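Engineer: Turn this into a model:
(one chain, ligands or ions: 3)
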Amino acid sequence: MKCRKCGGRAVLELRRHNTAFCAGDFLDFFRHQTLETIRRWKMLSRDEPVLVAVSGGKDSLALWDVLLEAGYTTAGLYIDLGIFDYSRESKARCQAFAAGRDARLIVVSVAEEVGAGIPQVKDVTRRPTCSACGLSKRYIMNRAALDHGFGVVATGHNLDDEAATLLGSTLRWDESSLARQTPVLEATHPKLVRRVKPLFRTSERETAAYAFLRGIDYIVEECPFARGATSITHKEVLNRLEDASPGSKASFLTTSLERARPRFQAAEPVDLRECVRCGQTTTGEVCAFCKLSDQVRRAGEAPSKTHAARCSQTLQT
Ligand code: SF4
Ligand SMILES: [Zn+2]
Ligand SMILES: [Zn+2]
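Structural biologist: Ligands and ions are numbered 1, 2, ... in the order given. Modelled structure (predicted):
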């Protein structure tokens, strides 16, 4: 198999693009595809600092690498979920990545914010683990960006992640999820920052190849709570479709964004206000994160010093 660009030996075949590349030309292709997505979807401007949410996995570190190489002003945000060895090892990967590139890494710990790490939160709330974790990550991402003066957060969600989320939402006809899923979630309130997904057109296989060829040391193990998750089944089903018909995942996602999402969005207007406790956005009186912290506190865990301090400040002002 030959590289389509230079005729040298190809290391990666991309059936969906009907092409193959050598290592050097694949890296160029990957960077170009990412930067072109950013340009076409107006995700980032050159003079705007961007906070990159990094988990220690291949996708987010590959994204941070591309943005640094392209000259964007960035900082990494690592959210320590307190999930045993998985969190310890993923944090070490992010710290080593940042140190090796002289880049700034902001670390926020869920245990300090909520009063307990995700495994304990799982034990004291009735929410599924990934739901409590996802809620905490979205909240902390937004607040860390506001606290540190960033107007935009970039995440490493790839094509496989996005297509699997879309399949899950479609199977449930979850209209609010279908309305919200987009590569660019605009800031619709002064207390919200923009969220962008520059890798949403890039497959997991491509980000793994990029990270490997760039020598990025990322955590290969999945989070222990990912085992048995329905999103994994959805990914397997989509992989079978992709095998039979290359390009299916991308087409499923892009046609949904073009044709279906605008309709769901129009049917689901969201009225945001500020949480009376912490000042972050919510649709009710008290945001879901404050309610989660309350549940943890009531269950006898140590109250979150950071979050309690913020709440009392907000109530006094
Ligand atoms: S798989 Fe792990 S890291 Fe991912 S949302 Fe679930 S608990 Fe959080
Ligand atoms: Zn080549
Ligand atoms: Zn709140």
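Engineer: Contact residues of this structure facing ligand 3?
Structural biologist: When proximity is defined as Cβ under 5 Å from the ion, the chain approaches ligand 3 at 275, 277-278, 287, 290. To be clear about C-beta, it is placed using only N, CA and C from the backbone, and glycine gets the same treatment.
Engineer: can the helix or strand encompassing A92 be found next to ligand 1?
Structural biologist: Using DSSP states H and E, the element containing A92 is helix 84-100. No: remark: helix 84-100 sits outside contact range of ligand 1, by Cβ under 6 Å from any ligand atom, the gap being at least 7.6 Å.
Engineer: Just checking the distance from that helix to the centre of its chain.
Structural biologist: Relative to its chain's centre, helix 84-100 lies at 17 Å (Cα atoms, centre = their mean, to the nearest Å).
Engineer: hmm, who's touching it?
Structural biologist: Outside of helix 84-100, the residues within contact range by Cβ atoms under 8 Å, 6 or more residues apart in numbering are 54-57, 61, 64-65, 76, 78, 80-81, 103-105, 107, 117, 119, 216-219, 221, 223-224.
Engineer: same check, this time on stretch 165-175
Structural biologist: Around stretch 165-175, the neighbours that count as contacts under Cβ under 8 Å, 6+ apart are 177-178, 181, 230-231, 234, 237-238, 252-253, 256, 264, 267-268.
Engineer: so where is the chain shaky, pLDDT-wise?
Structural biologist: The chain contains residues with pLDDT under 70 at 269, 301-317.
Engineer: Flag every residue of it that's near ligand 2.
Structural biologist: Contact residues, the chain versus ligand 2 (Cβ under 5 Å from the ion): 3, 5-6, 8, 22, 25.
Engineer: Ligand 1 next: which of these are close?
Structural biologist: Filtering the residues of the chain next to ligand 2 for neighbours of ligand 1 using Cβ under 6 Å from any ligand atom leaves an empty set.
Engineer: what about burial for those, which qualify?
Structural biologist: Among the residues of the chain next to ligand 2, those scoring as buried are 3, 5, 22, 25 (criterion: 16 or more other Cβ atoms under 10 Å).
Engineer: with these in mind, which one is nearest to ligand 3?
Structural biologist: Compare each of these with ligand 3 using Cβ to the ion and the shortest gap goes to D25, at 48.5 Å.
Engineer: tell me the SS of the closest residue to the closest one other than its chain neighbours?
Structural biologist: Computed as Cβ to Cβ, 6 or more residues apart in numbering, the closest residue to D25 that is not its neighbour in sequence is K5, at 4.3 Å. Under the three-state scheme (DSSP: H, G, I helix; E, B strand; the rest coil), the conformation of K5 reads as coil.
Engineer: wait, doesn't K5 sit right on F21?
Structural biologist: Yes: in this structure K5 lies within contact range of F21 using Cβ atoms under 8 Å: 6.5 Å.
Engineer: Report the two of the buried ones among the residues of the chain next to ligand 2 separated the most.
Structural biologist: Spatially, the most separated pair among those is K5 and C22, at 7.5 Å (Cβ to Cβ).
Engineer: Show me which of the contacts of stretch 165-175 are buried.
Structural biologist: Among the contacts of stretch 165-175, the ones that count as buried (16+ other Cβ under 10 Å) are 177-178, 181, 234, 238, 252-253, 256, 264.
Engineer: neighbours around the residue in the stretch 201-317 of the chain that ligand 2 sits nearest to, how many?
Structural biologist: The nearest approach of the stretch 201-317 of the chain to ligand 2 comes at L213, 12.3 Å away (Cβ to the ion). L213 sits with 16 neighbouring residues when counted by other Cβ atoms under 10 Å.
Engineer: What distance do you get for it to ligand 1?
Structural biologist: For L213, the distance to ligand 1 (Cβ to the nearest ligand atom, to the nearest Å) stands at 26 Å.
Engineer: If we ignore the residues flanking it in sequence, what's nearest the residue nearest the centre of the chain?
Structural biologist: Taking Cα atoms, centre = their mean as the criterion, T155 is the residue nearest the geometric centre of the chain, at 3.7 Å. Distances taken as Cβ to Cβ, 6+ apart place A53 nearest to T155, at 4.8 Å, with adjacent residues excluded.
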